[in-house]
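K.L.:
Need a 3D model of the following:
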Amino acid sequence: MPEPSGECVVAVLATMDTKGPEAAFAAETLRGAGTVPWLVDVGTGRPAGEYDVPNEAVARAGGMELAAVRALPSRDQMMTAMGRGAAAVLAQRLRGGALHGVLALGGNQGAAIAALALRDLPFGLPKAIVTTMASGNVRPYVGCKDIFTLFSVADLAGGPNRVTAPVLRNAALALAGMALGAGAARSAPREAGGVRREAVAVTALGNTHPAVSRAMERLAAAGYEPIAFHASGACGSAMEELAEAGEFAAVLDLTPHELSEEVMGDGAYAPVRPGRMTAAGRRGIPQVVATGGMEYLCFGPPETVPAKYRGRPCAMHNPVNPNIRLTAAELARVGRVMAERLSAARGPAAVLVPLRGWSEYGGPGGPLHDPEADAALVRALAEHLDPRIPVRRLDLHINDPAFADACVDALLAMLAARTEAKGLRTE
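P.N.:
Predicted structure coming up:
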């Protein structure tokens, strides 16, 4: 909820020794839009002005004095220390209910510091970075968080100008609108009789879309809120984080493709951070796992495919997205890791395997069809999996409606058993 004063506070993060004028311009725009800017200096230099949170306080919040940060042997260590401090500063303000959004400004280094802090903030809190780096690969900065990035076009240096001023103004106005809108949504009364449904995470790829769509329809009809996570690395990591935070009643992991890329250490869809297929188990919530998309690796443009994978069976999902087949030996490695992670689950789990193919391209006649290689994963899984976790082999393709139904039925049975067990404990 907004703080009692009713103020909508937006933090402005920047290395104030190099981006002070830009931060002041953004702050003035935020103020004019009806929010209260709160300026945080995340730099290690000596800024000309004074700010709401000076860099000395930021460093101290991260557990170091600023002089010690400046004495660190490398720039990346200095940035990490300031990012850690900024995260602590924002977290403290957020716990007090007096933070409603964050706008960060920076080049490569400033954006890296700010991103460390913003990635620690909860989903849903408005957060944005204006940076020269937004025209390239932003995954190293945003990770799996809902961070809005805006390309500054020109460098943020020397104060706002005819190129950067409109960009900064747009970013500040957008952030102000998000922060004010989020506050209004939180304070709005719920509709009469409105009940928030329990959510179920469902993992997806285009190659398993028919199965995912049917599963989501079934779950919605059963009274749950299905939320699809594209197995693109970042989405799967986000799902793991949200599951860890208790957002889901269960996980239907129809498409754990990212686990294959994590184990192989290759591919464009490797998780943002290690640990795929672990959070549901730690939380003890029901999980049903299929083998969707686990038989291949995704890459970017064909020229980026490592030499060791060239010449293998390949399906071009689109002109810049080749799907490369994994071998039996590689899938056996994946199966063993899958077994280890599922065996550690504190709650109910089950594995369903569609014997007629794990993806659109993996079925009979498809370019990735190789049932013998697929069987290597299943054998390794069965060999190393805790016996309490069933493995069901179904003579179906993953996109057959009957397979999606079997997965949903298994998950609904687990959820019903959980509800019954809770009822018995409260009697």
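K.L.:
make it CA atoms for all contacts and neighbour counts henceforth
P.N.:
OK.
K.L.:
thought Q109 was touching M78?
P.N.:
No. Between Q109 and M78 there is no contact under Cα atoms under 8 Å: 10.2 Å.
K.L.:
Please name the bridge partners of the closest residue to S135 other than its chain neighbours.
P.N.:
Leaving out its chain neighbours, the residue that sits closest to S135 by Cα to Cα, 6 or more residues apart in numbering is F151, at 5.8 Å. On the basis of DSSP bridges, F151 is bridged to T131.
K.L.:
residues contacting F151?
P.N.:
Counting by Cα atoms under 8 Å, 6 or more residues apart in numbering, F151 touches V130, T131, T132, M133, A134, S135, V167.
K.L.:
Now, of those residues, which are buried?
P.N.:
V130, T131, T132, M133, A134, V167 (16 or more other Cα atoms under 10 Å).
K.L.:
Might one say that the third one is in contact with G107?
P.N.:
Yes. Using Cα under 8 Å, T132 makes contact with G107 at a distance of 5.4 Å.
K.L.:
Next, show the common contact partners of those two.
P.N.:
D155, L156.
K.L.:
follow-up on the earlier one: could the contacts of F151 be laid out in CSV, adding distance to R418 and pLDDT?
P.N.:
Below are these laid out as CSV (distance: Cα to Cα, whole Å; pLDDT from 0 to 100):
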residue, distance to R418, pLDDT
V130, 46, 96
T131, 47, 94
T132, 50, 91
M133, 47, 90
A134, 45, 91
S135, 47, 85
V167, 51, 96
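K.L.:
what about Q109 and M78, which has more around it?
P.N.:
Per other Cα atoms under 10 Å, whichever of Q109 and M78 has more neighbours is M78, with 21 against 16.
K.L.:
Show residues contacting the helix or strand where that one lies.
P.N.:
Element membership for M78 (DSSP states H and E) is helix 75-95. When contacts are defined by Cα under 8 Å, 6+ apart, helix 75-95 is touched by residues 40, 42-44, 58-64, 69-70, 72, 99-100, 109, 112-118, 120-121.
K.L.:
ok, and for it, which residues are buried?
P.N.:
Neighbour counts over helix 75-95 (16+ other Cα under 10 Å) mark 78-91, 94 as buried.
K.L.:
for the very next helix or strand once past it, packing partners?
P.N.:
Moving toward the C-terminus from helix 75-95, the next helix or strand (DSSP H and E) is strand 101-106. For strand 101-106, the elements it packs on are strand 9-14, helix 16-32, helix 108-118, strand 127-131, helix 164-187, judged by 3 or more Cα pairs under 8 Å, 6 or more residues apart in numbering; DSSP states H and E.
K.L.:
could I get those as TSV with distance to G265?
P.N.:
Formatted as TSV, the helices and strands packed on strand 101-106 follow (distance: least, Cα to Cα, whole Å):
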stretch	distance to G265
strand 9-14	34
helix 16-32	38
helix 108-118	23
strand 127-131	29
helix 164-187	36
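K.L.:
Nearest to A290, out of the ones you listed?
P.N.:
Closest approach to A290 among those (Cα to Cα): helix 108-118, 33.3 Å.
K.L.:
List the buried residues for the closest one?
P.N.:
Within helix 108-118, the residues scored as buried using 16+ other Cα under 10 Å are Q109, G110, A111, A112, I113, A114, A115, L116, A117, L118.
K.L.:
and what of stretch 174-185?
P.N.:
Neighbour counts over stretch 174-185 (16+ other Cα under 10 Å) mark A174, L175, A176, G177, M178, A179, L180, A182, G183 as buried.
K.L.:
Mind picking the two most distant members of the residues you listed?
P.N.:
Checking the buried residues of stretch 174-185 with Cα to Cα, the most distant pair is A174 and G183, at 14.3 Å.
K.L.:
Tell me the predicted confidence for the residue nearest to D253 when sequence neighbours are not counted.
P.N.:
Leaving aside its chain neighbours, D253 sits nearest to V289 (4.6 Å; criterion: Cα to Cα, 6+ apart). At V289, the predicted lDDT confidence score is 98.
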